[in-house]
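K.L.:
below are the sequence and a predicted model; questions follow.
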Amino acid sequence: MEEGGLGLKDQEVWNKAMVGRLVNWIAEKRDSIWVQWVQCNYLRGRDWFEYSPSTNSSWVWRRICKVKQDLAQGFVDGVWVVQPTSWALPKHRFMGWLVAHEAMNTVDKLITYGMDVDACCTLCGQADESMAHLFFDCQYSRRVMLAMQQITSCSFPMAADFMWWANRGGTVVQKGVQIALFLGALYAIWFQRNKCRNYMVLMHPRQVVLQIHDSMKARIRGRGRENLSANDVSWLCHKNFM
């Protein structure tokens, strides 16, 4: 329910998510009898994302293909690029969801609710606070992102565009780490905004980034190298995460 209360799941979305798992299994050519059967009887060597079912195909197979078309933009070279956010902390992923849905209670929204608050951005004092300004146009936030790029040698979008990574190179792990860093930066900016607004205390942008970098390093080292390719280990070492 949109307004909450009973905690009932949206069955249409839930069904699409479950069917989406099958789409992903076919895309990654998972070692299973069902995927092998699909490859032999339906795809027969054809590209999964170029394939279209025939009109006499079963309803179930046409449903899988329909969901594949709906999710196609989330795949790059057969890899689901949204999946790597699992490298991010849950609170950072939640922050990313709020930013993507413009659900943050920034000052411009509080004013529309009738609250009497200072509209000026607490971090830079150069413009009124809105979501777009706070996270992407504010001079303090830009300094955080610039320091992040310098320390990690990675680049990040200056907008709430979570499909920005789709056209970038790199493995699933590499994209996942970069997305996690980006979400960590959004969370840190919001945290510093609240601390400055409540206590008039503000950390230097570079120190903020060093904390994000050290936190990511600890998570990566905690997972070990067992499930990482040699290419990923080399990349992570180059970025000083291992």
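P.N.:
Looks like it came in fine.

K.L.:
helix, strand or coil: sort out the residue of the chain most remote from its centre for me.
P.N.:
For the chain, the largest distance from the centre (CA atoms, centre = their mean) belongs to Asn56, which lies 38.0 Å off. Classification of Asn56 using DSSP: H, G, I helix; E, B strand; the rest coil returns coil.

K.L.:
tell me how far it lies from Val107.
P.N.:
From Asn56 across to Val107, the span is 58 Å (CB to CB, to the nearest Å). From N, CA and C alone the C-beta is placed, and that goes for glycine too.

K.L.:
what do you get for Asn167?
P.N.:
Where Val107 is concerned, Asn167 sits at a distance of 33 Å (CB to CB).

K.L.:
after the longest helix along the chain, next one along is what?
P.N.:
Of all the segments of type helix in the chain, defined by DSSP state H, the longest one is helix 172-199. The C-terminal neighbour of helix 172-199 among helices and strands, as given by DSSP states H and E, is helix 205-223.

K.L.:
quick check: next helix or strand after that next one?
P.N.:
helix 230-238.

K.L.:
what residues does that following helix touch?
P.N.:
153, 170-171, 173-174, 177, 220, 225, 228, 242 (CB atoms under 8 Å, 6 or more residues apart in numbering).

K.L.:
how's this structure carved up into domains?
P.N.:
Recorded structural domains for the chain (assignment: automatic domain parsing) are 11-74, 83-238.

K.L.:
take those and lay them out in TSV including mean pLDDT.
P.N.:
Shown next, in TSV, are the domains of the chain (pLDDT from 0 to 100):
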stretch	mean pLDDT
domain 11-74	87
domain 83-238	88
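
K.L.:
residues touching Met216, list them.
P.N.:
So Met216 contacts 87, 177, 180-181, 184, 241 (CB under 8 Å, 6+ apart).

K.L.:
let's go with 6 Å and repeat that
P.N.:
By CB atoms under 6 Å, 6 or more residues apart in numbering, no residues touch Met216.

K.L.:
returning to what we had before: mind listing what's buried in the longest helix of the chain?
P.N.:
Buried residues in helix 172-199, counted by 16 or more other CB atoms under 10 Å: 172-190, 192-193, 196.

K.L.:
quick check: angle from that helix to helix 205-223?
P.N.:
140 degrees (axes from the mean of the first three to the mean of the last three CA atoms, to 10 degrees).

K.L.:
which strands or helices does helix 172-199 pack on?
P.N.:
helix 90-100, helix 139-152, helix 205-223 (3 or more CB pairs under 6 Å, 6 or more residues apart in numbering; DSSP states H and E).

K.L.:
try it again at 7 Å.
P.N.:
Under the contact definition 3 or more CB pairs under 7 Å, 6 or more residues apart in numbering; DSSP states H and E, helix 172-199 sits against helix 90-100, helix 139-152, helix 205-223, helix 230-238.
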